[in-house]
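Undergrad: model this:
(one chain, ligands or ions: 2)
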Amino acid sequence: MTRIAIFGVGLIGGSLALCFKGKPGLTVVGYDVRESSAAKYVERGVVDEMAASLRDAAESADVIFLCVPVGVLDQYVREISELRLKSGCIITDVGSTKSSVARTAAALRFSGATFIGGHPMAGSERSGVEAASSHLFENAFYVLTPEPGAPAEAVDRLSNLLKATKAHIVHVNPDEHDEIVGAISHLPHIIAVALVNQIRGYNETNPLYSVLAAGGFRDITRIASSDPIVWRDILISNREILLKLLQGWNKETHKFIRMLEGKDAEGIQEAFKQAGAFRSQLPERRKGMIHSLYECYVDVPDHPGIIGKIATELGNARINLSNLQIIESREDVPGVLRLSFRTQDDLDQAVEKLSQTGHSVHF
Ligand SMILES: NC(=O)C1=CN([C@@H]2O[C@H](COP(=O)(O)OP(=O)(O)OC[C@H]3O[C@@H](n4cnc5c(N)ncnc54)[C@H](O)[C@@H]3O)[C@@H](O)[C@H]2O)C=CC1
Ligand SMILES: O=C(O)C(=O)Cc1ccc(O)cc1
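TA: Ligands and ions are numbered 1, 2, ... in the order given. Predicted coordinates:
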């Protein structure tokens, strides 16, 4: 039996637990400092057992997953290094930054255990075990950041275990990870929050701002609803890289200021053209930072009942819809529905079914 201990059974810890639970040869033990989190994961039954203490969970584990906010990660790693761990035990984490925890772990001795940093590159703006899903990591990248001297046997064992997530394992150096993920995930979160707060300010004097906020605003700001504690810790942990990235962002916004001041129509057009060309090259259906679910868009002509009709068609074909959102629903323009599914298979079946029945489906 391989005993897996999950510390911090929230969105990511709970999703990992659901991937492992019920697999032959695996037992999943949960531990959370917060009573409210522990009560929720026990109630949802995402783990086989609940540990009474961090020591109990760690000392009996073959693999330990640290799924706590980045700000307390180093402290957990230090605490665990002082325990009598099983020989061959693997300690890994899921933190969104990797340099700090890698440095902390490299300076510690784990007597017979190995630390291997990790970061599943999938998630959502939701948090807590109630948002956990065994499908969360399917098709996403799962970054591992093993030290050059880490035993290959331990890295292979962890990679094999992670097959249960259906994610693609990639090895990246911790500093390079923080630079890239800073740019593609942390900076966008800052921009989304800053943008929402800018509009929130205008809305205080005129509530029409939020009334009229349409699909584009919602699309670009979804991640502004992310957990404040988790993101406070990520940004502080990656602050040096983010300060450089924000200078780059300032340059980009200044380009627009100059183009608008100079009425540079060609420059504006070119900026949209270049951005569109790069964006259209991004992997379409691979899950990752942008798509947290399997999604497609369906054009809906503006007549009553069409939304119900589409939902019924999918229901009759036993295709499970996980979410449905109207992106645009003004009376004078055709609408767009965003349909979300939990698996690639459901999405593929839905696309086939809706295309057969004459709907225009796109991604
Ligand atoms: N949210 C996301 O989409 C992703 C998050 N991550 C990383 O996963 C880790 C966990 O994030 P989530 O699962 O989203 O958060 P969450 O808030 O859903 O879960 C965090 C869990 O850690 C527990 N916890 C333990 N010690 C804590 C302490 N001292 N202070 C606060 N909470 C404590 C909480 O009770 C909670 O159950 C973070 O390090 C984050 O950077 C990685 C990939 C995606
Ligand atoms: O919801 C989204 O698009 C995300 O960006 C999810 C996410 C959040 C944090 C991570 O470290 C990795 C992925």
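
Undergrad: what does the stretch 51-200 of the chain put close to ligand 2?
TA: Proximity of the stretch 51-200 of the chain to ligand 2, by CB under 6 Å from any ligand atom, involves residues 96, 121-125, 185. Quick note: C-beta positions are derived from backbone N, CA and C, even for glycine.

Undergrad: could you list which of the residues you listed also contact ligand 1?
TA: Residues of these in contact with ligand 1 (CB under 6 Å from any ligand atom): 96, 123-124.

Undergrad: pick the one among these closest to ligand 1.
TA: For those, the residue nearest ligand 1 by CB to the nearest ligand atom is residue 123; the value is 1.7 Å.

Undergrad: helix, strand, or coil at that closest one?
TA: coil (DSSP: H, G, I helix; E, B strand; the rest coil).

Undergrad: quick check: pLDDT value at it.
TA: The per-residue pLDDT reported for residue 123 equals 92.

Undergrad: that one touches residue 132, doesn't it?
TA: No - the criterion here is CB atoms under 8 Å, and residue 123 misses it with residue 132 at 10.6 Å.

Undergrad: which neighbours do these two share?
TA: Counting by CB atoms under 8 Å, 6 or more residues apart in numbering, the common neighbours of residue 123 and residue 132 are 11-12.

Undergrad: the residue minimising distance to the centre of the chain and residue 167: what is the separation?
TA: Centroid-nearest residue in the chain: residue 123, 1.9 Å away (criterion: CA atoms, centre = their mean). Distance, residue 123 to residue 167, using CB to CB, to the nearest Å: 12 Å.

Undergrad: wait, residue 341 sits on residue 319?
TA: Yes - in this structure, residue 341 is within contact of residue 319 by CB under 8 Å, at 7.5 Å.

Undergrad: next, show the common contact partners of those two.
TA: Contact criterion CB under 8 Å, 6+ apart; residues shared by residue 341 and residue 319: residue 350.

Undergrad: okay, strands next: where are they in the stretch 201-350 of the chain?
TA: Assigned by DSSP state E, counting those that start in this stretch, the stretch 201-350 of the chain shows strands spanning 294-300, 323-328, 335-341.

Undergrad: next, format these as JSON lines and append distance to ligand 2 and mean pLDDT.
TA: Converted to JSON lines, the strands of the stretch 201-350 of the chain look like this (distance: least, CB to the nearest ligand atom, whole Å; pLDDT from 0 to 100):
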{"stretch": "strand 294-300", "distance to ligand 2": "12", "mean pLDDT": "82"}
{"stretch": "strand 323-328", "distance to ligand 2": "13", "mean pLDDT": "71"}
{"stretch": "strand 335-341", "distance to ligand 2": "12", "mean pLDDT": "81"}
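
Undergrad: will you turn these into TSV that also has mean neighbour count?
TA: Shown next, in TSV, are the strands of the stretch 201-350 of the chain (neighbours: other CB atoms under 10 Å):
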stretch	mean neighbour count
strand 294-300	19
strand 323-328	14
strand 335-341	20
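
Undergrad: any chance of JSON lines for those, columns distance to residue 143?
TA: Output for these, formatted as JSON lines (distance: least, CB to CB, whole Å):
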{"stretch": "strand 294-300", "distance to residue 143": "21"}
{"stretch": "strand 323-328", "distance to residue 143": "27"}
{"stretch": "strand 335-341", "distance to residue 143": "25"}
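
Undergrad: in a markdown table: those, plus distance to ligand 1.
TA: Putting the strands of the stretch 201-350 of the chain into a markdown table (distance: least, CB to the nearest ligand atom, whole Å) gives the following:
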| stretch | distance to ligand 1 |
| --- | --- |
| strand 294-300 | 16 |
| strand 323-328 | 16 |
| strand 335-341 | 16 |
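
Undergrad: ligand 1 contacts on the protein?
TA: 8-13, 32-34, 37, 67-70, 72, 94-96, 119-120, 123-124, 127-128, 227, 229-230, 234.

Undergrad: now the residues you listed: which count as buried?
TA: Buried members of these, scored by 16 or more other CB atoms under 10 Å, are 8-13, 32, 37, 67-70, 72, 94-96, 119-120, 123-124, 127, 227, 230, 234.

Undergrad: would you list the phi and psi of residue 43?
TA: Dihedral pair for residue 43: phi -60, psi -40, per degrees, to the nearest 10.

Undergrad: report how many residues lie close to it.
TA: When neighbours are defined as other CB atoms under 10 Å, residue 43 has 10 of them.

Undergrad: distance check, it against ligand 1.
TA: Per CB to the nearest ligand atom, to the nearest Å, residue 43 is found 13 Å from ligand 1.

Undergrad: repeat that for residue 21.
TA: Applying CB to the nearest ligand atom, the value for residue 21 to ligand 1 is 16 Å.

Undergrad: likewise residue 100?
TA: For residue 100, the distance to ligand 1 equals 11 Å [CB to the nearest ligand atom].

Undergrad: before we move on, what about residue 238?
TA: 10 Å.

Undergrad: isn't that residue up against residue 187?
TA: No - using CB under 8 Å, residue 238 is not in contact with residue 187, being 9.6 Å away.

Undergrad: in terms of neighbours, single out the busier of these two.
TA: Counted by other CB under 10 Å, residue 238 and residue 187 do not tie: residue 238 has more neighbours, with 25 against 19.
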